[in-house]
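Chemist: Prediction below, plus the sequence it came from.
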Amino acid sequence: MAIFKRMSLKQGNTSRTNAAELSLRASIYPLCLVTVLFFLWGFSYGLLDTLNKHFQVSLGINRARSAGLQAAYFGAYPLASLGHANWILRHYGFKAVFIWGLCLYGIGALVAWPCILHRSFGGFCAAIFIIGNGLGSLETAANPYITICGPPRYAEMRINISQAFNGVGTVIAPVLGSYVFFKNTGSGEDANKSLTNVQWVYLAIACFVFALAVVFYLSVMFIRKL
């Protein structure tokens with residue numbers, strides 16, 4: 001019971017983090033952990049952009065309906081950053097928002113699995129909306145956390161390096177999508193095989209982000225004090 005009490009996420013408004021007082025060496029682990037999140041949302045957007053294009057072919061969807069994927073994804077960001085993620089950040093701190101965002105991401109990926117299996121475009125848009133809420137929550141906390149975690153003189157370097165991994169994810173996802181998932185995109189059996197590959201990818205993403213949420217919960221990322 002002591003370990004759960006020690007790792008409680010509840011924080012009062014009178015507490016503050018001394019993450020800025022961490023040494024360069026002490027800040028490496030939490031920075032690497034949060035930088036993984038930058039890669040995740042870059043990868044997610046790059047994969048969505050590829051799926052948006054190929055779903056038009058595989059499911060026979062016109063461009064107007066396909067734009068619904070973008071609307072569902074980016075429409076979730078204001079809801080997260082100005083709503084639930086903002087509230088959690090104020091009352092529970094960075095760590096809780098990271099866990100919350102990863103759980104939403106994982107739930108959205110799980111919802112996407114049966115939607116792809118049954119070729120439900122509307123259901124997939126709903127799954128993308130949930131994923132967008134998760135990623136919006138992660139971005140709400142990750143950017144300021146990277147800035148304050150560690151010696152202040154390296155703040156610009158930290159955020160630039162982390163943002164670079166965001167770009168790496170954005171580049172890798174469409175390459176992976178085009179040359180692995182949708183290598184022989186067409187109709188009939190080829191299209192079904194492509195969608196089957198994608199559904200397993202979303203299942204793998206769900207497993208990974210849930211495991212990462214557990215890692216965040218068990219990790220001591222910064223010390224709070226009154």
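Modeler: Structure received.
Chemist: Only C-alpha atoms from now on, for both contacts and neighbour counts.
Modeler: OK.
Chemist: All the helices of the protein, in order from the start?
Modeler: Using DSSP state H, the helices of the chain run over 2-6, 24-58, 63-79, 85-92, 94-117, 121-148, 155-176, 189-218.
Chemist: count of neighbours near V220?
Modeler: Residues near V220, counting by other C-alpha atoms under 10 Å, number 12.
Chemist: and if you look at N143?
Modeler: 17.
Chemist: what's the residue nearest to it when sequence neighbours are not counted in contact with, if anything?
Modeler: Of all residues not flanking N143 in the chain, I159 sits nearest, at 7.2 Å (C-alpha to C-alpha, 6 or more residues apart in numbering). Contacts for I159 were tallied using C-alpha atoms under 8 Å, 6 or more residues apart in numbering; they are N143, I146, T147.
Chemist: Quick check, pLDDT for the residue nearest the centre of the chain.
Modeler: Per C-alpha atoms, centre = their mean, the C-alpha nearest to the average position across the chain is that of L135, at 3.9 Å. Predicted confidence (pLDDT) for L135: 92.
Chemist: And it, how far from L24?
Modeler: Using C-alpha to C-alpha, to the nearest Å, L135 is found at 27 Å from L24.
Chemist: cool, F165 as well?
Modeler: Applying C-alpha to C-alpha, the value for F165 to L24 is 20 Å.
Chemist: Comparing these two, which shows the higher neighbour count?
Modeler: With neighbours defined as other C-alpha under 10 Å, F165 and L24 compare such that F165 has more, 20 against 14.
Chemist: which residues touch the residue lying closest to the more buried one once chain neighbours are set aside?
Modeler: Nearest residue to F165, sequence neighbours excluded (C-alpha to C-alpha, 6+ apart): F39, at 5.1 Å. Residues near F39 by C-alpha under 8 Å, 6+ apart: F165, N166, G167, V168, G169, T170.
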